[in-house]
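K.L.:
Here is a sequence together with a model predicted from it:
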Amino acid sequence: MTATQEPEVRTIESAAPPVRFARGWHCIGLAESFRDGKPHGIEAFGTKLVVFTDSEGELKVLDSYCRHMGGDLSQGTTKGDEVACPFHDWRWGGDGKCKRIPYAKRVPMRARTRTWQTLERNDQLFVWHDPQGNPPPEDVTIPEIRGFNEGTWTDWSWNSVLIENSHCREIVDNVVDMAHFFYVHYAFPVYFRNVFEGHIATQYSQTKARADADIYTSGEAGGPTGPGSAEATYFGPSYMIDYETTPMVFGDVQAVLINCHYPVSPTSFQLQWGISVKHPEGFTEDQANEMAAGFAGGVETGFLQDIEIWRNKAKIDNPLLCDEDGPVYQLRRWYEQFYVDVEDVTPEMVQRFEYEIDVERANEIWEKEVEENLAAGRTVVTAPGNK
Amino acid sequence: MEPVTCRTCESRVLAQKNTLAHTAIQWGDSSRCVEFAMAGGVMERAMNRSCRELRASIDDAVRSGELPVGPPDDRVAQDTQPVRFDAQPVRHG
């Protein structure tokens, strides 16, 4: 046989990551964490922002570099309604105007810096980023978390980590990546569906614990009694609310996971996640908190597993897919809307698209793999809660 | 993907069934859909998992043979348009 009958070698295509940052609301952390009376610096969108509270307690966000001589306002102090530069004490108001220069007779006419529109929702602080400088459209917002006003929920367990040498598209790809849950997170998806429409992308899934992995058991609560279901939605390019329901012996446990990020540079992003668990009936606060800590530990392990992959993988613009893979191309087409000018958003980027994977074949193979592991006494991972 | 028309609202979508359990649906305009219209704005529509009427219409199309069930001839050929995001220059407003 001649070599001409062999298929060509597949080449990985990979353009340089985009130099612009996504248009949309970006969560920069728990609102409370900025309310200590000090200015806070956030490296984001290729620059640095300063977050401070005015005398009414309202959070304000400005460019952190002082328009006078470039001092870093986040290293300064809050004085009344203003943030004062550590370099020459120029005082900047939340509206972006320089209000006072203590040593000068008057403030120059053009003493105005960039303000960042903010939103407080779900105890978190958001900033709006748009390279074109437009305000957010009315229907592009961050919704309140459903059910948060019923029952008691644990305080947010919040975490943040800087991911370097990766574009944030990597984490967004996970929306459609069914099979990685099995191999990377040792979970077993038994149902997987995606819906994209407008600026919103959702993953509906049901996942059971792998019997050969001991990751969900934590404390006295034990493990889940059946598949858990998740509804995980990106509202815009970077903020995901994930409603998770896990059946346990004593009833369903409701948890909300926030998975969000903001870009720091074209090749790095700050990944953040938060988790809050609804107190199950009959649980004491301590028991609920212990269970929440177990969940949070599991989520953290999950992100660390992703990070390990991202650290080592190649950026790939032309993934080679099989039938059991999710709609990576359609997801990226949806995601692209945030990287073009608003007038260049095409209908295909925002039109509704639905995709349900047939998991039967994958499930058969995975059941077999799990059984073989159990028979051979192999456990694939140690539970973080069991350390 | 093959066109399918909803039996209730007459929305036309493109559908693909690689297997009976698999479904891909590309909508054009979803604003005619009666189920989604009840949901409200774009956020509520997007958060709707699926339209039962359209689902039933796709099942009908499978039964009648209008919508063939089987893997696309060459999925790779369908999907090879790389999405690179690098076409747009940065413009500052």
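P.N.:
Structure received. The structure presented is a predicted model; accordingly, all values stated were derived computationally and were not measured.
K.L.:
low-confidence ranges in chain A?
P.N.:
A:1-4, A:215-222, A:381-387 (pLDDT under 70).
K.L.:
mind listing the helices for it?
P.N.:
A:169-173, A:178-183, A:285-312, A:328-336, A:347-350, A:360-375 (DSSP state H).
K.L.:
just checking, what packs against the third one?
P.N.:
In terms of contacts (3 or more Cβ pairs under 8 Å, 6 or more residues apart in numbering or on different chains; DSSP states H and E), helix A:285-312 is packed against strand A:157-164, helix A:169-173, strand A:251-265, strand A:268-277. Every C-beta, even on glycine, is put in place using the N, C-alpha and C of the backbone.
K.L.:
helices and strands of chain B: which one bottoms out on pLDDT?
P.N.:
When each helix and strand of chain B is scored by mean pLDDT, DSSP states H and E, helix B:75-79 comes last, with a mean of 47.
K.L.:
Tabulate the helices of chain A (a markdown table), appending mean neighbour count.
P.N.:
Converted to a markdown table, the helices of chain A look like this (neighbours: other Cβ atoms under 10 Å in any protein chain shown):
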| stretch | mean neighbour count |
| --- | --- |
| helix A:169-173 | 20 |
| helix A:178-183 | 18 |
| helix A:285-312 | 17 |
| helix A:328-336 | 22 |
| helix A:347-350 | 15 |
| helix A:360-375 | 14 |
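K.L.:
Relative to residue A:112, how far out is the residue of the stretch 1-150 of chain A found nearest chain B?
P.N.:
With Cβ to the nearest Cβ, the shortest gap between the stretch 1-150 of chain A and chain B falls at residue A:133, namely 2.5 Å. Separation of residue A:133 from residue A:112 (Cβ to Cβ, to the nearest Å) stands at 14 Å.
K.L.:
Those two: which has the busier surroundings?
P.N.:
residue A:112 (15 against 9; other Cβ atoms under 10 Å in any protein chain shown).
K.L.:
So that one is in contact with residue A:97, correct?
P.N.:
Yes: at 5.5 Å, residue A:112 and residue A:97 qualify as touching, with contact defined as Cβ atoms under 8 Å.
K.L.:
circling back: look up phi and psi at the residue of the stretch 1-150 of chain A closest to chain B.
P.N.:
Main-chain dihedrals, residue A:133, degrees, to the nearest 10: phi 80, psi 10.
K.L.:
From residue A:342, how far off is it?
P.N.:
For residue A:133 relative to residue A:342 (Cβ to Cβ), the value is 11 Å.
K.L.:
for stretch B:7-15, how far is the first residue from the last?
P.N.:
End-to-end span of stretch B:7-15 (Cα to Cα, to the nearest Å): 14 Å.
K.L.:
and it, average pLDDT?
P.N.:
The predicted model assigns stretch B:7-15 a mean pLDDT of 93.
K.L.:
buried set for it?
P.N.:
The neighbour-count check on stretch B:7-15 (16 or more other Cβ atoms under 10 Å in any protein chain shown) flags B:8-9, B:11, B:13, B:15 as buried.
K.L.:
which of those lies closest to residue A:227?
P.N.:
residue B:15 (27.1 Å; Cβ to Cβ).
K.L.:
what does stretch A:99-114 contact?
P.N.:
By Cβ atoms under 8 Å, 6 or more residues apart in numbering or on different chains, the residues outside stretch A:99-114 that reach it are A:62-63, A:66-68, A:81-82, A:88-93, A:96-98.
K.L.:
Go again with 7 Å.
P.N.:
With Cβ atoms under 7 Å, 6 or more residues apart in numbering or on different chains as the contact definition, stretch A:99-114 has outside contacts at A:62-63, A:67, A:82, A:89-93, A:96-98.
K.L.:
What is the neighbour count of residue A:157?
P.N.:
19.
K.L.:
what's across from the residue most central in space within chain A in the sheet?
P.N.:
Centroid-nearest residue in chain A: residue A:260, 1.7 Å away (criterion: Cα atoms, centre = their mean). Residue A:260 has these beta-bridge partners by DSSP bridges: residue A:239, residue A:272.
K.L.:
From chain B, how far off is it?
P.N.:
Noted for residue A:260: a distance of 17 Å to chain B, by Cβ to the nearest Cβ, to the nearest Å.
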